[in-house]
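[1] Structural data only, the sequence is not supplied:
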């Protein structure tokens, strides 16, 4: 029964848009104005990539972004924010805080950081 419910619930596919943490409009209504997400069957995708000779790795978004230096970048931005807090432009400090907060959200283990990333290499 759960399988039937899942199938009928997704009759139009799994692509969704988000804006301000809420479901957004049709993805073509405002290009660039919303985030787009889709559910992906990573098992099927990995099998297809491996079938074509690719080496496949599935990891968390947090681990993937940390590997590419996001945590180090955030540490540098925190140091910049501290300097701005001491003697800088308050608006620039606010902009820096916003960047840091956004980066931290991408790494959060119970949020966006737990999203999966599939890397296929040949």
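    Thanks, I have the structure now. Remember, it's a predicted structure, so these values are computed and weren't measured experimentally.
[2] tell me the residue furthest from the middle of this protein?
    The C-alpha centroid of the chain is most remote from residue 87, which lies 33.5 Å away (CA atoms, centre = their mean).
[3] domain assignment for this protein?
    1-39, 41-122 (automatic domain parsing).
[4] for the ones you listed, which one ends up most surrounded?
    Counting by mean count of other CB atoms under 10 Å, domain 41-122 has the highest mean neighbour count of the domains of the chain, with a mean of 13. Every C-beta, even on glycine, is put in place using the N, C-alpha and C of the backbone.
[5] now the helix or strand hosting residue 72, how far from the chain's geometric center?
    Secondary structure assigned from DSSP states H and E places residue 72 in helix 70-87. Distance of helix 70-87 from the chain centroid (CA atoms, centre = their mean, to the nearest Å) equals 22 Å.
[6] which residues sit against it?
    65, 90, 92, 93, 96, 97, 99, 100, 103, 104, 106, 107 (CB atoms under 8 Å, 6 or more residues apart in numbering).
[7] Relative to residue 18, which of the residues you listed is nearest.
    Distance to residue 18, by CB to CB, is smallest for residue 106 among the contacts of helix 70-87, at 14.4 Å.
[8] So what does the residue nearest to the closest one when sequence neighbours are not counted have for phi and psi?
    Spatially, and ignoring its direct neighbours in sequence, residue 106 is nearest to residue 112 (5.1 Å; CB to CB, 6 or more residues apart in numbering). Per-residue torsions, residue 112: phi -60, psi -30 (degrees, to the nearest 10).
[9] Mind pulling up the pLDDT for residue 112?
    For residue 112, the pLDDT comes out at 92.
[10] what about the strands in the protein?
    16-19, 22-23, 35-37, 55-60, 116-121 (DSSP state E).
[11] Could you dump those into CSV with distance to residue 49 and mean pLDDT added?
    Listed next are the strands of the chain as CSV, based on distance: least, CB to CB, whole Å; pLDDT from 0 to 100:
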stretch, distance to residue 49, mean pLDDT
strand 16-19, 24, 90
strand 22-23, 30, 89
strand 35-37, 21, 89
strand 55-60, 5, 96
strand 116-121, 4, 95
